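K.L.:
Have a look at this prediction, sequence included:
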Amino acid sequence: MLTAVLLAGCDAAPAQVERIEEPLPSVRSDVVRMEPDEARYRFPGVVRASERAAPAFLHGGVLRERHVVRGQRVEQGEALAALHNPAMAPAFAAAEARVRELDASLSRLGRDVERARTLRERNLSAEEELDRLRSEREALVQAREQALAQRDETQAQLEELTLRAPFAAEVSDLDVEPGDFVPAGQPVLRLAGLSAREVEIRVPAHLAARLERGQAASVAPTFGTQHISGEVVHIGRAGDSMAPVIIVIPTDSAPALGEPVRVQLEIAAQPVMRVPLAAVVDPAASAPYVLVLNADDTVRRAPVMPGRLAGGWVSVSGEGLVPGERVVTAGQGRLEEGIRVRILP
């Protein structure tokens, strides 16, 4: 009887093992995306004012006085400096004297014409005399117009001996000291406007062609961590060389004038496939791949070449991967090609 019981127990164990099924491996998955790629480029630049000016006199002379100092803020129309030119004042005085002389001559000639017209009406003088006087008066009227124009010109030149601010600005530099001789056209000082700040960078022509006005840019000081939002407002032409690109930044958060900064631009590229970084399996960093889920939830291995990482997603390239397919993002351990898995929500 004991032998029969033992034999019966040995026959039952295999039958129980056959009824037990191993559970399917559980994994998590995500979908392969096709998204436009964005490459980030950094360019050096220097903060400057959007409005800049280097005022100069139209005539040469000696700088008589300067009304501002470096760093001073000035309003539009405020006097900046005064020039001494010994020829300007006498020229204006002579032009005024010429106008007064012609006014007196016109007044006298007007009386002569009126007298000649009265005599002609009484038939006491010839018609030719009246015509001569009228011609002289017309010639004096033309001469007076020319004298007035000359006086206005010399007056404008005299007023230009005082240099005034073209807009509200800050005096950023001083080029000439009082007592120095200033040639015509030489800058006396330099002004930086208060309205806005900008950064000019040089971008290769093939990248500039892919930029657009209004595109966002990030500006950061070279020796700091602050990031300032900017906007592309101008894209110059360059041909085959570097193109000038201007980025405007808010005045209240802008670094100091002349401070070096780094400008980061994100330029759109061709669309690329992206998968979660957790989906890439890279054994020995030599043959990276992802595990693709077929329609029947079986696993297929697809070799890939990882690219740039952004926001937890990495761009990949490979012939065995198609946008919209599912890839395993968790639970890759001990998975073999062809095995069926259970997808966790």
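P.N.:
Everything's here; your move. All figures in this text were calculated on a predicted structure; none of them were measured in a lab.
K.L.:
how about the helices in this protein?
P.N.:
Using DSSP state H, the helices of the chain run over residues 2-19, 88-121, 127-159, 205-208.
K.L.:
Would you mark the buried spots in the third one?
P.N.:
Along helix 127-159, these residues count as buried under the neighbour rule (16 or more other C-beta atoms under 10 Å): Leu130, Leu133, Arg137, Leu140, Ala143, Arg144, Ala147, Gln150, Arg151, Thr154, Gln157, Leu158. (Each C-beta comes from the backbone N, C-alpha and C, glycine too.)
K.L.:
what's the closest non-adjacent residue to Leu119?
P.N.:
Ser125 (4.0 Å; C-beta to C-beta, 6 or more residues apart in numbering).
K.L.:
what pLDDT does Pro157 get?
P.N.:
One thing to correct before we go on: residue 157 is Gln, not Pro. For Gln157, the pLDDT comes out at 80.
K.L.:
show me the contacts for the nearest residue to it once chain neighbours are set aside.
P.N.:
Closest residue to Gln157 apart from its sequence neighbours, by C-beta to C-beta, 6+ apart: Met88 at 5.7 Å. Residues in contact with Met88 (C-beta atoms under 8 Å, 6 or more residues apart in numbering) are His59, Thr154, Gln157, Leu158, Leu161.
K.L.:
my guess is the second one meets Ala95, correct?
P.N.:
In other words, Thr154. Yes. The criterion here is C-beta atoms under 8 Å, and Thr154 meets it with Ala95 at 4.8 Å.
K.L.:
before we move on, the earlier item: show me the one of the helices of the chain that comes nearest Tyr41.
P.N.:
helix 205-208 (6.6 Å; C-beta to C-beta).
K.L.:
Look up how far Phe167 lies from the closest residue to Arg334 other than its chain neighbours.
P.N.:
Leaving aside its sequence neighbours, Arg334 sits nearest to Pro25 (C-beta to C-beta, 6+ apart; 7.2 Å). Between Pro25 and Phe167 the computed distance is 72 Å (C-beta to C-beta, to the nearest Å).
K.L.:
And Val219, by the same measure?
P.N.:
Here Val219 is placed at a distance of 24 Å from Phe167 (C-beta to C-beta).
K.L.:
out of these two, which sits in the more crowded spot?
P.N.:
Val219 (26 against 15; other C-beta atoms under 10 Å).
K.L.:
do you know how far the most centrally placed residue in the chain is from Gly193?
P.N.:
Taking C-alpha atoms, centre = their mean, the centroid of the chain lies closest to Ile247, which sits 2.0 Å from it. Per C-beta to C-beta, Ile247 is found 16 Å from Gly193.
K.L.:
before we move on, what about Glu35?
P.N.:
Noted for Glu35: a distance of 41 Å to Gly193, by C-beta to C-beta.
K.L.:
who has more neighbours, those two?
P.N.:
Neighbours per residue (other C-beta under 10 Å) separate Glu35 from Gly193, with Gly193 holding more: 18 against 13.
K.L.:
how deep is the closest residue to that one other than its chain neighbours tucked in, by neighbour count?
P.N.:
Distance criterion C-beta to C-beta, 6+ apart; nearest residue to Gly193, sequence neighbours excluded, is Glu51 at 2.7 Å. Using other C-beta under 10 Å, Glu51 has 16 neighbouring residues.
K.L.:
How about the contacts made by Glu51?
P.N.:
The contact partners of Glu51, by C-beta under 8 Å, 6+ apart, come to Phe167, Ala169, Leu191, Ala192, Gly193, Ser195, Ala196.
K.L.:
go again using 6 Å as the cut-off
P.N.:
For Glu51, the contacting residues are Phe167, Gly193, Ser195, by C-beta atoms under 6 Å, 6 or more residues apart in numbering.
K.L.:
any idea which of these is the one closest to Gln76?
P.N.:
Comparing these against Gln76 with C-beta to C-beta places Phe167 closest, at 5.1 Å.
K.L.:
hang on, the earlier thing: was I right to think the residue nearest to Leu119 contacts Arg115?
P.N.:
No. Shown here, Ser125 and Arg115 do not form a contact pair, counting by C-beta atoms under 6 Å, at 9.0 Å.
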